[in-house]
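In: Any chance you can model this:
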Amino acid sequence: MEIGQAVPEPVAQTDPAPNPEAPAERAKHTGLRAMGWPLVAAGVGIGAAALLHFRDPHREGSYGICPVYALTGFYCPGCGGMRGMHNLTDGRILDAVHSNLLVLPLVLAFVLWIGDWSLRAWRGEPMRLPRTSRTTLWVFIALLIGYTVLRNTPWGTWLTPV
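Out: Residues are numbered from 1 along each chain as shown. Here you go, the predicted model:
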């Protein structure tokens, strides 16, 4: 290019409209082929439950100690969770709830999430993460803090892990 010559303006590149996946492309990512990761996650959950069923966390030192309890002497929201899961796998639901009030709802939420993920994978749809509003999140955090404080007071001894 010589001095004084006009510089050509670049031609604007426009992206073509995104093409939807062809039915044949989408078909190979449905059914059993798409179930890999949901089955892995379910297997990890079942494996953890089996480990907690066969290796009793009620025995002193079987899994170590809770670092929060060891450092502060206070029960964290998760204290008693493994014992509760062990009780749940033994079919002792009331003992599980007494060990940790959160075990049953968390296990139920995990099962529902895996079920939803599996169904969506079977259909060829992407995984959906749970969504909550800001208000719901703050209410949940407040309840979690209240649960932690209550289980560490004389009035909340019924919430302490067994």
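
In: and stretch 88-106, average pLDDT?
Out: Averaged across stretch 88-106, pLDDT comes to 93.

In: Going C-terminal from the helix or strand of the chain with the lowest mean pLDDT, what's the next secondary structure element?
Out: Least confident helix or strand of the chain, by mean pLDDT, DSSP states H and E, is helix 23-27 with a mean of 48. Next helix or strand after helix 23-27 toward the C-terminus (DSSP states H and E): helix 36-54.

In: Packing partners of that next one?
Out: If contacts are counted by 3 or more CB pairs under 8 Å, 6 or more residues apart in numbering; DSSP states H and E, helix 36-54 sits against helix 81-89, helix 103-123. (C-beta placed from N, C-alpha, C; glycine too.)

In: Point to the residue nearest the middle of the chain.
Out: The centroid of the chain falls nearest to Phe110 when counting by CA atoms, centre = their mean (6.2 Å).

In: wait, what's in contact with that residue?
Out: Gly45 (CB atoms under 8 Å, 6 or more residues apart in numbering).

In: For it, give its distance to Val149.
Out: Using CB to CB, to the nearest Å, Phe110 is found at 26 Å from Val149.

In: which stretches of this protein have low pLDDT?
Out: 1-29 (pLDDT under 70).

In: ok, now how distant is the nearest residue to Tyr63 once chain neighbours are set aside from Ile141?
Out: In this structure, Tyr63 finds its nearest non-sequential neighbour in Pro57, 5.3 Å apart by CB to CB, 6 or more residues apart in numbering. Pro57 sits 27 Å away from Ile141, going by CB to CB.

In: Show me which of these two is the more surrounded one.
Out: Shown here are Pro57 and Ile141; by other CB atoms under 10 Å, Pro57 has more neighbours (21 against 10).

In: which residues touch that one?
Out: Contacts of Pro57 by CB under 8 Å, 6+ apart are Tyr63, Met82, Arg83, His86.

In: tell me the phi and psi of it?
Out: Main-chain torsions, Pro57, degrees, to the nearest 10: phi -80, psi -10.

In: With the one 3 residues further on instead?
Out: Listed backbone geometry of Glu60 is phi -60, psi 120, with angles given as degrees, to the nearest 10.

In: going forward, begin numbering at 755 instead of 1
Out: With the count now opening at 755, the last piece we talked about shows up as Glu814.

In: Count residues in the vicinity of it, would you?
Out: 6.

In: go on, Pro915?
Out: Neighbours around Pro915, by other CB under 10 Å: 19.
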